[in-house]
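In: Let me see the structure of the following:
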Amino acid sequence: MDDSFFGAPTAGSKRGRGTDKTKVVIGLSLNDKGYPAFLKMKVVPNLKGSTLTEFAKQHLNDLSTVVSDAYRSYNALSADYEHSPQVFAPDRNPDHLKWLHIVVSNLKAFIMGTYHGLSKKHLQSYLDEFCYRFSRRSFKGELFNRLIHCCLASRTVTYSELI
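Out: Presented below is the predicted three-dimensional model:
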């Protein structure tokens, strides 16, 4: 698990976890060979331990081992999960959170290349789309049927709800 920030910076504002950009929590599962399998992302109001624990309870298996950076809010996960925090130092441990950072980089390139930016109001929908595509990238034969099912199972969003 890790967190990331989306949006244009405000002039003179802080960087990193002190920023006023939109906060997103990310969970990426790895398969037995250590490659990415499934992805979940959620826009959150803050990065407090209770928020991270709520995300984990919604999206992680009870037997999961959570790997994160050493940000203190992630320590709240130790109560319910096996937790392996490490100080993020790419020069000393280049594989720590490697795949998660690659996925976030690909997401930001996807947003800028496809949509040329987007509003905070709809960010969760774009994250859901990216996660859906990412998590089903190896189910190529089932993609059309799954897409039709999702279209039929979803409610219609009106234009007035979009703006």
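In: On the three-state scheme, residue 99 is what?
Out: helix (DSSP: H, G, I helix; E, B strand; the rest coil).
In: Please read the previous query as pertaining to residue 38.
Out: Per three-state DSSP, residue 38 ends up strand.
In: now swap in residue 26 and tell me
Out: strand.
In: Run a quick check on it versus residue 36, I expect a contact.
Out: No. With contact defined as C-beta atoms under 8 Å, residue 26 does not count as touching residue 36 (11.3 Å). In this view, the C-beta of every residue, glycine as well, is placed from N, C-alpha and C.
In: Now do the strands in the chain.
Out: 2-6, 22-30, 36-44, 65-69, 82-86 (DSSP state E).
In: Out of those strands, which gets the lowest mean score?
Out: Of all the strands of the chain, the minimum mean pLDDT falls on strand 82-86 (a mean of 88).
In: next one: that strand to chain centre, how far?
Out: Distance, stretch centre to chain centre, for strand 82-86: 18 Å (C-alpha atoms, centre = their mean, to the nearest Å).
In: next one: stretch 7-22
Out: So, by C-alpha atoms, centre = their mean, the centroid of stretch 7-22 is 18 Å from its chain's centroid.
In: same question, stretch 127-139
Out: 12 Å.
In: Flag every buried residue along that stretch.
Out: Across stretch 127-139, burial judged by 16 or more other C-beta atoms under 10 Å covers 127, 130-131, 134-135.
In: and if you look at stretch 102-115?
Out: In stretch 102-115, counting by 16+ other C-beta under 10 Å, buried: 103-104, 107, 111.
In: Stretch 53-66 now?
Out: 53, 55-56, 59-60, 64, 66.
In: List just the nearest of those residues to residue 1.
Out: Nearest to residue 1 out of the buried residues of stretch 53-66 is residue 66 (C-beta to C-beta; 5.5 Å).
In: Dig out what that closest one forms beta bridges with.
Out: Beta-bridge partners of residue 66, counted by DSSP bridges, are residue 83.
In: Contacts only, for it.
Out: 1, 56, 60, 74, 77, 81-84 (C-beta atoms under 8 Å, 6 or more residues apart in numbering).
In: Among those residues, which one lies nearest to residue 152?
Out: Using C-beta to C-beta, those come closest to residue 152 at residue 60, 28.8 Å.
In: contacting residues for that closest one?
Out: 27, 66, 81.
In: residues near the first one, how many?
Out: So the one you mean is residue 27. Here the count is done by other C-beta atoms under 10 Å, and residue 27 has 22 residues near it.
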